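1. Predicted model and sequence follow; I will ask about them next.
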Amino acid sequence: MSVRSAVKAYPQLLRTGFAGAVAYRAEFLIWMFSTNMPLVMLALWAAVARGGPVGAYTQKGFAAYYLATLLVRLLTGSWVVWEMTMEIRQGTLALRLLRPIHPLVAYSAENLAAVPLRGVIALPVVAILLWNTRAQLGGDPLLWLMLMPAMLGAWLLTFLVMSLIGTLALWFESATSLFEAWLGISAILSGYLIPLDLFPEAVRRVAVVLPFRFLLSFPVELVLGRPSRLEALSLLAAQWGYIALALLATRALWRAGLRRYAAYGG
Amino acid sequence: MIEVERLRKWYRVHQRAPGLAAALRSLFRRRYETVKAVDDVSFSIASGERVGFLGPNGAGKTTTLKVLSGLLHPTEGRVAVAGFTPKDRARGFLQQITLVMGQKQQLLWDLPPSETFLLNRAIYDIPRAQYEATVAELTELLDLAPLLGKPTRQLSLGERMKCELAVALLHRPKVLFLDEPTIGLDVSMQATVRGFVRAYNERFGATVLLTSHYMEDVAALCPRVMVIDRGRLIYDGGLAELVRRVRPDKRMLLRLGKPVDRRDLEPLGTIIEHGDAVAVIQVSQEALQSAVARALSTLPLHDLTVEDPPLEEVMRDLFAQGRAA
């Protein structure tokens, strides 16, 4: 499975994935609007902050934080676990294995292809974010520039972790309970529910170095202009370091899993 | 083109009795049983051959096809297809084979088949000119033109199967593994699929290995058959030879000018069917000539034909023999 042929096939994979996402538009819309947790949290914290700022966050500060969180989640979310688990259980993974392209590459394209459509939904969020809370957003163009690779990194890391858990379905009948555990932990430690800097110092210190931060909080921090340039660069390097690790782990696990799958079932 | 030497594929299957208590027990201690899906099977298939793979459900047909297409690793034995070891799933190997499973589909459900065509063109890196020529040819052979633009989910089963075959052959594979390609199709659609497989085989010199529950498929398509039962290959050779060996008897089909008495038929052989206008008599190979002569001279006949026993019965007897032995 050469990288060159995968790269060559990728644009068509994206086009077909986009066509698929459009065909599913009703389900897609429902799914998108179910990503509303940040708005719930926003309402909660805004009420708390009415009496005065919480940590570094005023009411407007919370608004900026949760709108940015919603935006990052909409654009970088990945749910490939469900698809992988289903295809492995039903045996349709076989059809992917027959084609001369790595199934994970194909999954990634199908996933990524949905981003433009998500972008359409995300646009109003961006508009509100920019208009209402502009004073809270970062002003350094370099940080905004870094947002691109950080968002791409957040998507890729999310996708790889999902693939890693999905790959476990090659061993266990259902990997989805593990996935739910991951979702729970990640909701807390990625900053999805509560900004990381509001945690008690001890928790915060651990949370900022764990990979969860790079799934969500890091791009949000860039939007809000929190880190210095140097910090931002080192965080970006750490994010892509985690991506490299996740890539190696996923590849190794996939190979071992496939050997097992080919030995016992399929 | 295909070489299989002493192939074994054994599975360990988790055993569990029904019920809550059994479910709890199986949490702690699992009982496994070894299933010998394929047990010491050897054969070779030359380039361009069309071979039918027959056997009851669970005999090991699909397992063998999955090993040959690289989806399953053999437990033991050597397998080579088009010069490759299938389990390596090398790109060069995947480019040359296809596996069509009548029960699973690769067409994208909510998109028209033409979209899957484009996807496969990219994945298999098919040159544009070749792609266009192949699509045009397949469209004509299978009469796909009205189907390609409709979402797959709106196609009938037969229409879907035609598109499924087309998408599986876009990259012009040299080896076709067809697992029940006609399952659930009506008689005329089965004939279309058969005709198409034969045309593809003749046009591109492709090797075809086909499993089917419909003996018609095999009889019409495959000069050679392999019969597998409980993981073992019990016959490999010509179809006519198989029929002769298992069921040397023939069937005499008589079209009667007027009803005849049962007693007039009894001397001819074993009566299978006796109606006013038609009678079917089973006759041994040796007695055939005299039985025909006698029928012609003693009965009011419109027509007389001699046939082999139906393939379904041949197979049933073959498996029964195998099990009794």
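-> Received it, and whenever you're ready, just let me know what you need.

2. who's in contact with the closest residue to chain B within the stretch 51-200 of chain A?
-> Across the stretch 51-200 of chain A, no residue is closer to chain B than residue A:100, which sits at 4.1 Å (Cβ to the nearest Cβ). Just so you know, the C-beta spots here come from the backbone N, C-alpha and C atoms, and that holds for glycine as well. Taking Cβ atoms under 8 Å, 6 or more residues apart in numbering or on different chains, we find residue A:100 in contact with A:1, A:5, B:91, B:94, B:95, B:123, B:124.

3. Buried residues, the longest helix seen in chain B. List them.
-> The longest helix of chain B (DSSP state H) is helix B:187-204. By neighbour count on 16 or more other Cβ atoms under 10 Å in any protein chain shown, the buried set for helix B:187-204 is B:189, B:190, B:192, B:193, B:194, B:196, B:197, B:200, B:201.

4. Dump those residues to CSV, plus distance to chain A and pLDDT.
-> Formatted as CSV, these follow (distance: Cβ to the nearest Cβ, whole Å; pLDDT from 0 to 100):
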residue, distance to chain A, pLDDT
B:189, 22, 87
B:190, 23, 88
B:192, 23, 89
B:193, 19, 89
B:194, 23, 91
B:196, 20, 92
B:197, 18, 93
B:200, 18, 93
B:201, 20, 94
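
5. burial count for the residue in chain A that chain B sits nearest to?
-> With Cβ to the nearest Cβ, the shortest gap between chain A and chain B falls at residue A:12, namely 3.3 Å. The tally of other residues near residue A:12 (other Cβ atoms under 10 Å in any protein chain shown) stands at 17.

6. quick revisit: centre of the chain to the longest helix of chain B, how far?
-> Centroid separation for helix B:187-204 versus its chain: 13 Å, with Cα atoms, centre = their mean, to the nearest Å.

7. following that helix, which helix or strand comes up?
-> The helix or strand immediately downstream of helix B:187-204 is strand B:207-211, counting by DSSP states H and E.

8. which regions of the chain sit below the pLDDT cut-off?
-> Just so you know, I chose chain A. Filtered on pLDDT under 70, chain A yields the residue ranges A:1, A:174, A:264-266.

9. try again with chain B
-> B:322-325.

10. Okay, and the residue of chain A closest to chain B sits in which element?
-> helix A:3-23.

11. what's in contact with that helix?
-> A:28, A:100-102, A:105-106, A:109-114, A:116-117, B:91, B:108, B:110-111, B:115-116, B:118-119, B:121-123, B:125, B:151.

12. How about stretch B:124-143?
-> Contacts for stretch B:124-143 (Cβ under 8 Å, 6+ apart): A:5, A:8-9, A:99-100, B:95, B:117, B:120-121, B:144-145, B:148, B:162-163, B:165-166, B:169-172, B:192, B:196, B:199-200.

13. measure residue A:80 to residue A:155 for me?
-> Distance from residue A:80 to residue A:155, counting by Cβ to Cβ, to the nearest Å: 11 Å.

14. and the stretch 1-150 of chain A, which residues reach chain B?
-> Residues of the stretch 1-150 of chain A found near chain B (Cβ under 8 Å from any Cβ of the partner chain) are A:1-2, A:5, A:8-9, A:11-13, A:15-16, A:19-20, A:23-24, A:91-92, A:94-95, A:97-101, A:106.

15. Which part of the stretch 1-150 of chain B gets nearest to chain A, residue-wise?
-> For the stretch 1-150 of chain B, Cβ to the nearest Cβ, closest residue to chain A: residue B:122, 3.3 Å.

16. could I get stretch A:115-130 in PDB with only the CA atoms?
-> Coordinates of each C-alpha in stretch A:115-130 appear next as PDB, following Å, rounded to 0.1, in the frame of the first residue of the first chain:
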ATOM      1  CA  VAL A 115     -15.700  19.300   7.200                       C
ATOM      2  CA  PRO A 116     -16.900  21.800   4.500                       C
ATOM      3  CA  LEU A 117     -20.500  20.900   5.400                       C
ATOM      4  CA  ARG A 118     -19.800  21.300   9.000                       C
ATOM      5  CA  GLY A 119     -18.200  24.700   8.100                       C
ATOM      6  CA  VAL A 120     -21.600  25.900   6.900                       C
ATOM      7  CA  ILE A 121     -23.100  25.100  10.200                       C
ATOM      8  CA  ALA A 122     -20.100  26.600  12.000                       C
ATOM      9  CA  LEU A 123     -20.400  29.900  10.200                       C
ATOM     10  CA  PRO A 124     -23.100  31.500  12.300                       C
ATOM     11  CA  VAL A 125     -21.100  30.500  15.400                       C
ATOM     12  CA  VAL A 126     -18.000  32.200  14.000                       C
ATOM     13  CA  ALA A 127     -20.100  35.300  13.200                       C
ATOM     14  CA  ILE A 128     -21.500  35.600  16.800                       C
ATOM     15  CA  LEU A 129     -18.100  34.900  18.200                       C
ATOM     16  CA  LEU A 130     -16.400  37.600  16.200                       C
END
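
17. Verify the stated contact: residue B:169 with residue B:200.
-> Yes - Residue B:169 lies in contact with residue B:200 (Cβ atoms under 8 Å); the separation is 6.3 Å.

18. Overlap of the contact sets of these two?
-> residue B:176.

19. one step back: ChimeraX command for the buried members of the contacts of helix A:3-23?
-> In ChimeraX syntax, the buried subset of those is picked out as below (16+ other Cβ under 10 Å):
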select /A:28,100,101,102,105,106,109,110,111,112,113,114,117 /B:91,108,110,111,115,116,118,119,121,122,123,125
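
20. how about the helices in the stretch 51-200 of chain B?
-> With DSSP state H, counting those that start in this stretch as the definition, the stretch 51-200 of chain B shows helices at residue ranges B:61-68, B:91-94, B:113-123, B:128-142, B:157-169, B:187-204.

21. Name the nearest residue to the residue of the stretch 1-150 of chain B closest to chain A, ignoring sequence neighbours.
-> residue A:12 (3.3 Å; Cβ to Cβ, 6 or more residues apart in numbering or on different chains).

22. how near is that neighbour to residue B:15?
-> Counting by Cβ to Cβ - residue A:12 and residue B:15 are separated by 46 Å.

23. hmm, back to that, which among the helices of the stretch 51-200 of chain B is found nearest to residue A:135?
-> helix B:113-123 (46.9 Å; Cβ to Cβ).

24. Hey, what's the angle from that closest one to helix B:157-169? Just curious.
-> Orientation check (axes from the mean of the first three to the mean of the last three Cα atoms, to 10 degrees): helix B:113-123 against helix B:157-169 gives 20 degrees.

25. For helix B:113-123, enumerate the helices and strands it packs against.
-> Under the contact definition 3 or more Cβ pairs under 8 Å, 6 or more residues apart in numbering or on different chains; DSSP states H and E, helix B:113-123 sits against helix A:3-23, helix B:157-169.

26. Which stretches in the stretch 1-150 of chain A count as helices?
-> Counting by DSSP H, counting those that start in this stretch, the helices of the stretch 1-150 of chain A are A:3-23, A:25-33, A:37-48, A:59-76, A:80-90, A:93-97, A:103-112, A:115-132, A:141-167.

27. and if you look at the stretch 151-266 of chain A?
-> Going by DSSP H, counting those that start in this stretch, the stretch 151-266 of chain A shows helices at A:176-189, A:201-207, A:217-223, A:229-264.

28. Can you tell me which of those helices is most buried?
-> Comparing the helices of the stretch 151-266 of chain A on average neighbours per residue, with mean count of other Cβ atoms under 10 Å in any protein chain shown, the densest one is helix A:217-223 at a mean of 27.

29. contacting residues around that one?
-> A:64-65, A:68-69, A:71-72, A:76, A:129, A:137-138, A:143-144, A:146-147, A:150-151, A:153-154, A:190-191, A:195-196, A:227, A:232, A:235-236, A:239.
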